[in-house]
Every structure is written in structure tokens, then in C-alpha cells.
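1. predicted model and sequence below, questions to follow.
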Amino acid sequence: MANKIPQSFIDQLLTRVDIVDVIDNLVALKKTGSNYMACCPFHQEKHASFSVSPGKQFYHCFGCGASGNAITFLMNYEGLNFIESIKQLAHMAGLEVPLEQTSSTDNSDNVNSLYNITQQAAQFYQNELKKSPIAVNYLKNRGLSGDTAKRYCLGYAPSGWDNIANFCKKSTNQQFLQAGLVIKKDNEEHYYDRFRNRIMYPIRDRRGRVIGFGGRVLDDSTPKYLNSPETPIFHKGHELYGLYEARQAQRNLDKILIVEGYMDVLMLAEHGITYAVATLGTATTSSHLKILLKQCANITFCFDGDDAGRSAAWRALEVCLPSLTDTAQIHFMFLDQDEDPDSWVQKHGKEAFERLITQAKPLSTFLFEHLLKDINLGNVDGRARLNQSAMSYIEQVPDNYFKQGIIDELGKMTRIENTAPVIHKSRTVSSKKPLILPSTVRSTMALILQNPSLATLCPDDLDNLNIPGSRLLAELIAIFKKTPEQPIGIVLERWRDTAIGHELNKLMIATSLIPEAGVEAELKDALIRLQTMAREQEAEGLMAKAATPQGLTQEERQHLQQLLRKKTLI
């Protein structure tokens, strides 16, 4: 049986904790009027645009659009999942989390045991490193100090077939297998260590828990590198080596460098460049990028300058396109052929390497350089080819000012104006612009969400209107009428991770063009429009029926006449 946290407890918890205290413990806030401000912890900025409202128990960044309540903040800032965030807030509030039984399978105990096993294994490998002069000398010869090895918890897997099982005697072979530490011999109940005679690189998640390992041989045997397989706690497409250590070195990262290997991360850290991370034997994924952009908006990819490196860079660019925002700064840097960050920084040092980073190409520059390789802009055919090719990539970028800038640049190259509209009807308007509210229901919701006290002015029968969204509007009004003091951050929690919740969150942070003094009058006008719309829709339906052979009943004709004469009373 799985455990579920009751919604009533979540509401109670969010009432007990103060979002200002929660965030101020992690990000220094400064009181400004009725709210608190800070530089946003989710993207790089020089001027504070991150606002925390104690009245609404809600935060919002006017720069990158990040928003939510105390639970959302802990999830995004600390890298916690939903349950972990609830437990941390409950601890702060001195509450015990109650659990309800549901019918789904619960594997939380098993997952916790895997974390324990991988942590024990990491400690075992660290101890073995201290006892192995060969392994220690290998790291010294590579240029690593003991401090860097300790900071990244490096270890050594000795030769042998059952070292891990003998060390973690309380665990079973099946648990070792699930953790990816042993391999089962085909058709036999025999298990042996996956990692043998290798330098071990523990892979830690954003909370610092060991979730897997990378292992490198000390000689010329193959494979040179061996990673943990996919397990219930390790998914290489979602994890980055060195991210935990980078955040430990600098809580609010102002830049991140993505490299290709463990030793690249370690050697850069050895030279004081502590903001490098590496993918785990796979290309950069959209999940990787989403995680990184939550940490920092300034990201540089570092690749070898050969054909393979440039091909890998192009694949990374393609992954980036759907995630580009106005605040994201994505760059690409290329080293000389046969060089990697490990060798380059040892030859030239920190300052020279960081100069290379500052000279990295912006994503748009790399995009056009790549597309122009085989295109001649000196003729119409070439310009048309570039326009067609470039637009197939630009269309993947969300509608924002950055996209408009790329389109403008393309227009200068191709001499083709208006290559594509920036705002597509099927996409959301950029958060930098006022949110366009195409319906009266949506505009009324926005007024209520941003001014909950107005709910008392609304009638109770709006759910009877035959208009899409009117039932949700009526539900919101009922909530605010029943609990007028309940902050919006608590109300929105009940729709977490739903399409409705996503829409309400957008309406909550939509830019209002209505002066505070005119909000009440605007709401009354909106309610009149809603009732008028509902009356007109019903009248149109009856008139359409009147034109059919069936016609209207006497009762329907009377009702139609009433609808046509009726005036809305607010």
C-alpha cells in the first residue's frame, strides 16, 4: 500500500509556515513596501526582480517567470520532490506528516535501501583508495590533489569478485543488483562485482546522495569508462556529474560549464573552476537543460574542435532550442583538436581557460555559422535555402523577444522580410508582455485571483452559466467567500501539476493594466458581460430551434421573449 498526504494537511501546513521565512533562510530578502525582493535564485540578474508576497504566500520572478508557493520553492531551489518538500516544511512547523493508505504499490522503503547501499559502497571505495598506493599515484600523476579527491569523494574499486558483498553484509545480492553494483551471471545464482580495479567517481544528486558511479581503469583495458546502469534511483539522462559539488562551492551559481568527462570536471575544479558539470556518457538531454536553467541562465558548452566535437555541439544546440527564453544565455566554445578541458587547463591555467569561456560563441552565432557552411549568400537561391533551413530550427524556439531577434538577424542575411510571425496562436505569449486574456471568463478569474476580496461581490450561481470555465470560476469564488483570509498560494496548491493549475498560475501572475481604484468596477462589468454572454447563447440556441420544422414550445417561446427583454442585475 502506498502512502498519500491528505490535502487538508497540506493546506494546514501552508497556513502554518510563512513563505518569507522559508525563502529568507536560503535567499536574503529585502522588504520593499508590502512585499520582499531579492535577485532571483533561478536565473542570473543584477537587479532584483524576485518578489515574495507574505499576503498571498506566493513568489514570482518578473524576469524568468518562476513562481509558486513554499512547496514549489523548495522543490526548485533544493531539488526536492513533492513529498520531501512537504516533510521539510512540516519539520520547520513542528508538525508530523499524516499518511493515508492508497491502493498503489509503494517502493519507498526499497528506494531508501538503495540510497543506503550506494552510500555505503561510496565509503568503501574511498577507504580502499587510501589503502592503494597504485590508485593514489594514478590520481597524483593525473594532476589531482588530495583535497579535490576528497571534495568529490573519489574512491577505488579493488580487484576481486565479491568485495562489495563482503563489505555490505546486511544487504542481499538482489539489492546489490538493483543498485547496479553487481552483475548476475547468466542462468546462475552467482553475482560478481561490476566495478573492479577502477578509480571510482561517485555520482551525487542535487541533495548530495550517492545514486551511482563511474569507474575508470588504471591501465589500457576496456572499457576505459564504465557507468552504473539505470536503476530506480539513477537515470543518466536526468543527472549531471559535479552539479552538487558546484552548488556547494557557490550556492547561487552565476554560470555553468558543460564538459564531457569526469576528469574534465575534476581538473577544472583543481584549478579553481568549480562550476563545471558533465553528462554521464550520454548527450545533453532536455531534462539536463531544464535542471541547469533552474540553477543558472548562463550556460556554456565546451567541446573538442574536431568534427566529432562540432557534431556533438550541434546536437546540443538542437536540444536547447525548445527551452530558450529571453533570459537564457547559451554559448558554445571549442578547444583545439586533440585537446580537452583536462589537458588544456593543465597547460595554460585558469585565467587563460576562463578567457576562452568569455570568447565562446552565442547560440545564434553558432546556429548561423553551421547553416552557412555550404550556402552562398551571394545569390537568391542561397538566401532562400538559408531562410528555409534556418526557419525550421527557429520555429522550435518559444515565442519571445529572443526568437524575434533571431528572425530579424536572419532577415538581414537573406534580405527577406517578415519570415515568420513571432507569436503563433497556438503558443503562450512571452512572460515579458502583458498576458492576453482572450475570454471574459479568464479575465474575471485573473481579477479574482489577484484580488480575492472581490469574491464577496460575485453572485453564487455563476456555475449555472453555460460558458466554458464558468464552473471553475464559481469554485474559486466559493473558496474565497468561505475562507476570505486564505492566501492564494494555498488555494492554488490543490490544482498542482494539472492543466487547470498551470492556467490559474498564469492568470495569477498576469500583468494587470487596471489601476487599483478601478478593479471593482472592472469586475462588475465582467460579471455583466458573463451573464449577457450566457443569455445571448441561450437565446441563439432557442432561435436556431425556432427555425427548424419542430419549432418552439409555448414555454420556450415565452422564455425566449424573457431572455431578449431581461436585464442583468449585479
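-> That came in fine, so what should we check first?
2. C39 against A48, yeah?
-> Yes: between C39 and A48 there is a contact at 5.1 Å, judged by CB atoms under 8 Å. Backbone N, C-alpha and C define where each C-beta goes, glycine included.
3. residues near L367, how many?
-> 23 (other CB atoms under 10 Å).
4. got the contact list for it?
-> L367 is in contact with 317, 390, 393, 406, counting by CB atoms under 8 Å, 6 or more residues apart in numbering.
5. same check on Y125?
-> 155-157, 195, 200, 202, 213.
6. A157 too?
-> A157 touches 125, 128, 163, 193, 195-198, 200, 215, counting by CB under 8 Å, 6+ apart.
7. neighbour-wise, give me the winner out of those residues.
-> Y125 (28 neighbours).
8. surely it is in a strand?
-> No: according to DSSP: H, G, I helix; E, B strand; the rest coil, Y125 belongs to no strand; its state is helix.
9. pLDDT and distance to N227 for the contacts of A157 - can I get that in CSV?
-> Shown next, in CSV, are those (pLDDT from 0 to 100; distance: CB to CB, whole Å):
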residue, pLDDT, distance to N227
Y125, 96, 14
E128, 96, 19
N163, 90, 19
D193, 92, 15
F195, 95, 10
R196, 94, 15
N197, 95, 16
R198, 96, 11
M200, 97, 11
G215, 95, 8
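10. ok, so of those residues, who is nearest E270?
-> Closest to E270 out of the contacts of A157 is M200 (17.8 Å), distances taken as CB to CB.
11. partner residues bridging that closest one?
-> Judged by DSSP bridges, the bridge partners of M200 are G155, G215.
12. who's in contact with it?
-> 122, 125, 129, 154-157, 213-215.
13. of these, which is the most crowded?
-> Y125 (28 neighbours).
14. and that one, how close does it get to A135?
-> 10 Å (CB to CB, to the nearest Å).
15. any shared contact partners between these two?
-> Contacts common to Y125 and A135, judged by CB under 8 Å, 6+ apart, are Y156.
16. tally of neighbours for F73?
-> Going by other CB under 10 Å, the residues that sit close to F73 add up to 26.
17. return the distance of it relative to Y59.
-> F73 is 6 Å from Y59, by CB to CB.
18. intersection of neighbour lists for these two?
-> Taking CB under 8 Å, 6+ apart as the contact rule, F73 and Y59 both touch 19, 23.
19. and the strands in the stretch 301-450 of the chain?
-> 329-335, 361-362 (DSSP state E, counting those that start in this stretch).
20. where does this protein dip in pLDDT?
-> Residues of the chain meeting the criterion pLDDT under 70: 1-3, 100-109, 169-171, 187-188, 417-439, 463-466, 511-515, 538, 563, 565-570.
21. which residues touch Y262?
-> 201, 214, 216, 225, 241, 278.
22. could you identify the buried members of these?
-> Buried members of those, scored by 16 or more other CB atoms under 10 Å, are 201, 214, 216, 225, 241, 278.
23. my read: the second one touches N227, true?
-> Yes: contact between G214 and N227 holds when scored by CB under 8 Å: they sit 5.1 Å apart.
24. shared neighbours of these two, anything?
-> Residues touching both G214 and N227 by CB under 8 Å, 6+ apart: 280-281.
25. and the one residue sitting closest to the centre of the chain, helix, strand or coil?
-> Centroid check for the chain by CA atoms, centre = their mean gives K290 as the closest residue, at 4.4 Å. Using three-state DSSP, the structure places K290 in helix.
26. so what's the nearest residue to it once chain neighbours are set aside up against?
-> With sequence-adjacent residues excluded and distances taken as CB to CB, 6 or more residues apart in numbering, K290 is closest to S323, at 6.5 Å. By CB under 8 Å, 6+ apart, S323 lies in contact with 286, 289-290, 293, 398.
27. buried subset of these?
-> Judged by 16+ other CB under 10 Å, buried ones among these: 289, 293, 398.
28. just the C-alpha atoms of stretch 448-458, please, in CSV.
-> Taking C-alpha atoms only, stretch 448-458 is exported to CSV below (Å, rounded to 0.1, in the frame of the first residue of the first chain):
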residue,chain,number,x,y,z
ILE,A,448,-10.5,37.3,-8.5
LEU,A,449,-7.1,35.6,-8.2
GLN,A,450,-5.2,38.8,-7.9
ASN,A,451,-7.9,40.4,-5.6
PRO,A,452,-9.6,37.6,-3.6
SER,A,453,-11.6,40.1,-1.5
LEU,A,454,-13.7,40.8,-4.7
ALA,A,455,-15.3,37.4,-4.4
THR,A,456,-17.9,38.9,-2.0
LEU,A,457,-19.2,41.0,-4.9
CYS,A,458,-20.0,37.9,-7.0
